[in-house]
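Student: Quick one: sequence and predicted model below, then my questions.
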Amino acid sequence: MQSAISLSLSSPSTIARSDCTAAAAANSYICTPRSLRFCGLRREAFKSKSFNSLSVSTRLLPCSRNSSFKKVCAALQSNGAPSKGEFDYDLVIIGAGVGGHGAALHAVEKGLKTAIIEGDVVGGTCVNRGCVPSKALLAVSGRMRELQNEHHMRSFGLQVAAAGYDKQGVADHANNLASKIRSNLTNSMKALGVDILTGTGTILGPQKLKFGKGGSGDTIITAKDIIIATGSVPLVPKGIEVDGKSVITSDHALKLEFVPEWIAIVGSGYIGLEFSDVYTALGSEVTFIEALDQLMPGFDPEIGKLAQRVLINPRKIDHHTGVFASKITPAKDGNPVIIELIDAKTKEPKGTVEVNAALIATGRAPFTQGLGLENINVQTQRGFVPVDERMRVIDSTGKLVPHLYCIGDANGKMMLAHAASAQGISVVEQVSGKDHVLNHLSIPAACFTHPEISMVGLTEPQAREKAEKEGFEVSITKTSFKANTKALAENEGEGIAKLIYRADTGEILGVHIFGLHAADLIHEASNAIAMGTRIQELKFAVHAHPTLSEVLDELFKSAKVVSSSHVAQPVAV
Amino acid sequence: MASLLQSRTPGLSFSSSLSSTPVRRPSAFFLKPRSGSRIPVVRAKIREIFMPALSSTMTEGKIVSWIKSEGDVLSKGESVVVVESDKADMDVETFYDGILAAIVINEGETAPVGAAIGILAETEDEIAEAKAKATSQSSLAPAPSTPKVEEPSPAPKLDAPSPAVAAAPAPTAAPSTPGKVVATPFAKKLAKQHKVDIDKLVGTGPFGRITPEDVEKAAGITPASKSNVAAPAAPAASVAPAAVPPKAPSSFPEIPGSTVVPFTTMQTAVSKNMVESLSVPTFRVGYPIATDALDALYEKVKPKGVTMTALLAKSAAMALAQHPVVNATCKDGKSFTYNSSINIAVAVAINGGLITPVLQDADKLDLYLLSQKWKELVEKARAKQLQPNEYNSGTFTLSNLGMFGVDRFDAILPPGQGAIMAVGASKPTVLADKDGFFSVKNKMLVNVTADHRIIYGADLAAFLQTFSKIIENPKSLTM
């Protein structure tokens, strides 16, 4: 992902070169000597009460920037040769989404002969039906919102006459972006010599699989290691009839075939929120239907509350919380879409809602059918492939299946495109002889509303629970965008950043940002968590003035760390 | 935050315990004696805790959490409850000592500003009685009686639309299922904001749903709604006076069955420009021009792709070159702005809109180039791909309705230009020359509207004379 997005080139030689740098950069991120201290080991560090477990980190082999760079360039000559000729490939990845792509790129860099099997289109959900096209729609909605906000414009001294939009133009923008990114992804893999095999991949046994359109035309191949990266599809709960026109999932909504006057969005997570932003900007009214007692579950409660004040209350949105949509009937014969609600706990009927359209954004279900998991005695749990912390697949007896890994949405650990890619890179590290455990707490997440929400690590309740268990004290500090020069220059002072940390060690437990460009700002915090950088060190980092990054600068500076020594003394409990 | 605010203005924050009429105060937490009838003597000792108005726009508040629980002893100045308004969460404190006898509105629930959220008893003896009040309160809670707390001013406003609502037939699409939602999210928001009882409205939207417009109508916000109320009320004389007075000038009687189509972006721009033109003092000068020579030339060059528009634009441009003041603009009412190039804007009707593609440097381009340029501009205009400088850089405008048989008309001067020429149809006309001979010649009437701050009658007359010479002797056009 990290490399693919940046390229938009046609000459293979240029692709190869830029990929080389991108891959090298990615590589240095994973294994610069400095990261040895913590990279991949935060889990253990978190689990242990003291930090003397740091010695475990010697498991990571150091690798210098130079040698890895050479390896990349060597790999560019050919897609490696299968080791010892026993197998057709060193690594076969089933699914060419962002996770599979990240793994493939890293595998080639490691000199592995790699193939990727794709039954649909390269790019998977993220590129074709997820993050990428939705960002195109959100780019439009952000501008619409700004242009329609007369007060906002006037405060800049700007005058804008009635802003309008051309639906087809908006839809085309989303579609064009997806195809551009898709071809970038394909080209980047082709340029590296990754074999792209078309068809459905099925595991036949250990280290053996077939691909093809089904039937006798299938090809059987062997691989030293196999990664399952088949991703997910929109989850549609029972009782809901999706017709693709009036009752839709994100797959349909991204095509923006129509902008309903009134749309109900079932689920108020990332997907639902982002679509509410798009639809309200384009003139729709929105009704949220959320099964939990409050909107935006999963966000830090404080951030969620503020976000609700900015993203929901002032907009043409209302909501029903604590209810399930037990039955949704698509619009037909001149009737509207009818949504029957029941209480989430008591299951009592709670009335009906009649709307022009309904978007089902209740989450995503793993896409693991037809993988042949039964051939290796693996049983999915609610469709998810069970894995350990190294993404190794666990069979129904609780034993690890050798040489089989599962990354991304299919394992359900963290259903984010970049998490899948990080997991893939982690697996490739392991199969090429280096132990690696990905620290999921260092993976940031973002919701691209206007303004954006982003987060990394624990929420406040999670941190407090952990603190109670492990006997330390949680400290919290907050800064406001209202105090930031750049945010004020943009007339976007709404927003806060919140830091959850340990005052005794200066360790960052979580950072949550709601405000202008929050999604871009979070990486300073996520990198700090990944690298194990302490707040007392971050306080000395310099930020350009005036930039939004000073919101975080201020946040770190306002944190009060009791002990300023780098190595915290083990605390007797 | 709230506590700070309140401690600074304690006098304002609650109504006197002796006050018998509930008065809404500008800020925060107020306690009011319960005007209960059971023990009138001690009524001042049981007080209701009211939902405070924490901001000027707050209409209701949500109880985030009760800091105190039932039975807790409260002392003046202590925080009792955290209330979430549309802006923020605030601690609300009490200004009375007492015991929190009962909580009427539980955590997570919402109450309108001024509604009782809890009951405060002065002594333990009164707790039981207070609890009884609380139960009666909470049984009332589903139908909050806000109107009582209202300032007097909005009340008549609310009354005005109600006759119309009452007169309307009973809801045709009576909700069959209880709890069925028939109002859109924005309609509900507006209803809350304007204190309109949404249950009493009849939806006019699709599927009988209540739309934001319905609520606005009921709240008497849009001028259209006012006339809507006034019209049916007129025969029923008794109701009429109440509804009619509101500023009538801007409202037109609504003709039943009419539809309202909002302006497109282009139409909005046209409307704005037209209204703006009213600030310029204009005058008009007409001139008859014989077109036989021009028509003959047109027949000759037509096969080469030259259009009448190009011929007229070229003629006007050549005339303007000799009369720069007609090509000038008056920007500030104090000076002439002479434009260095002659850009002829030509009005074109397109899909219900009006746009003026501009032939830039029309005096310098030859007829053929100009015709080709015009063709491109029209195509672009149809495809809505005109760049701003291709429609707003005109220094003089040409409007031709001759092809429709219009023999004369006058045009409105677009803002930012000095003059506009309206061209009528060329028609055979009987003429008598100076020797008394009759002849039939084609003649058209042109009418120029100009900004009299910079262009005077004599200027226009001279310009038109030059223009007519060019048209009557059009050879120069092809040179």
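Tutor: Looks like it came in fine. Predicted model only: the values in this text are computed from it and were never measured. Numbers count the residues shown, from 1 in each chain, chains lettered A, B, ... in the order given.

Student: Only C-alpha atoms from now on, for both contacts and neighbour counts.
Tutor: Will do.

Student: Run the chain-centre distance for the longest strand seen in chain B.
Tutor: Using DSSP state E, we find that the single longest strand of chain B is strand B:438-451. The chain centre lies 42 Å from the centre of strand B:438-451; the measure is C-alpha atoms, centre = their mean, to the nearest Å.

Student: ranges for the helices of the stretch 201-350 of chain A?
Tutor: A:250-253, A:270-281, A:301-307 (DSSP state H, counting those that start in this stretch).

Student: Backbone dihedrals for the residue nearest to B:T307 when sequence neighbours are not counted, please?
Tutor: Once flanking residues are discounted, B:T307 sits nearest to B:S371: 6.2 Å by C-alpha to C-alpha, 6 or more residues apart in numbering or on different chains. In terms of degrees, to the nearest 10, the main-chain angles of B:S371 are phi -60, psi -40.

Student: Could you give the number of residues near B:S371?
Tutor: For B:S371, the count of nearby residues is 23 (other C-alpha atoms under 10 Å in any protein chain shown).

Student: surely it meets B:L312?
Tutor: No - the pair B:S371 and B:L312 fails to qualify as a contact (C-alpha atoms under 8 Å) at a distance of 10.8 Å.

Student: picking up where we left off before, what pairs with the longest strand of chain B, parallel or antiparallel?
Tutor: Within its sheet, strand B:438-451 is paired with strand B:282-290 (antiparallel), strand B:419-423 (antiparallel), strand B:427-432 (antiparallel), according to DSSP bridges.

Student: Could I get the pLDDT score of A:S83?
Tutor: With respect to pLDDT, A:S83 scores 56.

Student: go on, B:Y368?
Tutor: pLDDT, read off for B:Y368, is 88.

Student: Next one: the lengthiest helix in chain A, is it in contact with chain B?
Tutor: Longest helix in chain A, counting residues (DSSP state H): helix A:167-192. No - Helix A:167-192 lies apart from chain B when judged by C-alpha under 8 Å from any C-alpha of the partner chain; the minimum separation is 12.8 Å.

Student: Flag every buried residue along that helix.
Tutor: Across helix A:167-192, burial judged by 16 or more other C-alpha atoms under 10 Å in any protein chain shown covers A:170-175, A:177-192.

Student: again, but for stretch A:452-466
Tutor: For stretch A:452-466, burial by neighbour count (16+ other C-alpha under 10 Å) applies to A:E452, A:I453, A:S454, A:M455, A:V456, A:G457, A:L458, A:T459, A:E460, A:A463, A:R464, A:K466.

Student: how distant is the longest helix of chain A from the center of its chain?
Tutor: Taking the mean of its C-alpha atoms, helix A:167-192 sits 19 Å from the chain's own mean (C-alpha atoms, centre = their mean).

Student: any idea where the strands of the stretch 351-500 of chain A begin and end?
Tutor: All strands of the stretch 351-500 of chain A, identified by DSSP state E, counting those that start in this stretch, fall at A:357-360, A:364-366, A:392-394, A:400-406, A:445-447, A:452-457, A:474-480, A:496-502.

Student: tell me the most buried of those strands?
Tutor: strand A:357-360 (a mean of 28; mean count of other C-alpha atoms under 10 Å in any protein chain shown).

Student: strands paired with it, and their directions?
Tutor: Going by DSSP bridges, the partners of strand A:357-360 are strand A:247-249 (parallel), strand A:262-266 (parallel).

Student: could you dump it to PDB, C-alpha only?
Tutor: The C-alpha atoms that make up strand A:357-360 are tabulated as PDB, following Å, rounded to 0.1, in the frame of the first residue of the first chain:
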ATOM      1  CA  ALA A 357     -33.000   4.400   0.900                       C
ATOM      2  CA  ALA A 358     -31.100   2.400   3.400                       C
ATOM      3  CA  LEU A 359     -27.400   1.800   3.600                       C
ATOM      4  CA  ILE A 360     -26.200  -1.200   5.500                       C
END
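
Student: Run through the residues that contact B:I420.
Tutor: Contact analysis of B:I420 by C-alpha atoms under 8 Å, 6 or more residues apart in numbering or on different chains lists B:F396, B:T397, B:L398, B:S399, B:A411, B:I412, B:L413, B:P414, B:V448, B:T449, B:A450.

Student: Tell me the bridge partners for the closest residue to it other than its chain neighbours.
Tutor: Leaving aside its chain neighbours, B:I420 sits nearest to B:T397 (4.6 Å; criterion: C-alpha to C-alpha, 6+ apart). Beta bridges link B:T397 to B:A345, B:I420, judged by DSSP bridges.

Student: Can you verify my assumption that B:T397 contacts B:G418?
Tutor: No - in this structure, B:T397 is not within contact of B:G418 by C-alpha under 8 Å, at 9.0 Å.

Student: B:M90 bridge partners, please.
Tutor: Beta-bridge partners of B:M90, counted by DSSP bridges, are B:V83.

Student: Can you get me a residue count around the residue of the stretch 251-400 of chain B found nearest chain A?
Tutor: Residue nearest to chain A within the stretch 251-400 of chain B (C-alpha to the nearest C-alpha): B:T265, separated by 6.2 Å. Neighbour count of B:T265, defined by other C-alpha under 10 Å: 14.

Student: Please report phi then psi for it.
Tutor: As for B:T265, its main-chain torsions (degrees, to the nearest 10) stand at phi -60, psi -40.

Student: Tell me how far it lies from B:G353.
Tutor: B:T265 is 9 Å from B:G353, where distance means C-alpha to C-alpha, to the nearest Å.

Student: Then A:K332?
Tutor: To B:G353, A:K332 is 36 Å away according to C-alpha to C-alpha.

Student: for chain B, what are the nearby residues on the stretch 351-500 of chain A?
Tutor: Proximity of the stretch 351-500 of chain A to chain B (C-alpha under 8 Å from any C-alpha) is limited to residues A:G351, A:T352, A:V353, A:E354.

Student: The third one contacts A:P336, doesn't it?
Tutor: No - using C-alpha under 8 Å, A:V353 is not in contact with A:P336, being 9.5 Å away.

Student: Give me the neighbour count for the nearest residue to A:P461 once chain neighbours are set aside.
Tutor: Distances taken as C-alpha to C-alpha, 6+ apart place A:D300 nearest to A:P461, at 7.8 Å, with adjacent residues excluded. Counted with other C-alpha under 10 Å, the neighbours of A:D300 add up to 20.

Student: try A:N377
Tutor: Neighbour count for A:N377, taken as other C-alpha under 10 Å: 14.

Student: Surely it is in contact with A:S396?
Tutor: Yes - between A:N377 and A:S396 a contact is recorded at 6.1 Å, counting by C-alpha under 8 Å.

Student: Can you give me the pLDDT of the residue in the stretch 1-150 of chain A that chain B sits nearest to?
Tutor: Proximity of the stretch 1-150 of chain A to chain B (C-alpha to the nearest C-alpha) peaks at A:Q148, 13.0 Å away. pLDDT, A:Q148: 87.

Student: Looking at A:K332 and B:G353, which is more packed in?
Tutor: Legend: neighbour count by other C-alpha under 10 Å for A:K332 and B:G353, higher for B:G353 (15 against 9).

Student: Which residues are in contact with the more buried one?
Tutor: Residues near B:G353 by C-alpha under 8 Å, 6+ apart: B:M266, B:Q267.

Student: 10 Å instead?
Tutor: The contact partners of B:G353, taken as C-alpha atoms under 10 Å, 6 or more residues apart in numbering or on different chains, are B:F263, B:T264, B:T265, B:M266, B:Q267, B:T268, B:A269, B:V270.

Student: What of A:E86?
Tutor: If you count contacts by C-alpha under 10 Å, 6+ apart, A:E86 has them with A:T222, A:A223, A:K224.

Student: cutoff 8 Å now
Tutor: For A:E86, no contacting residues are found, by C-alpha under 8 Å, 6+ apart.
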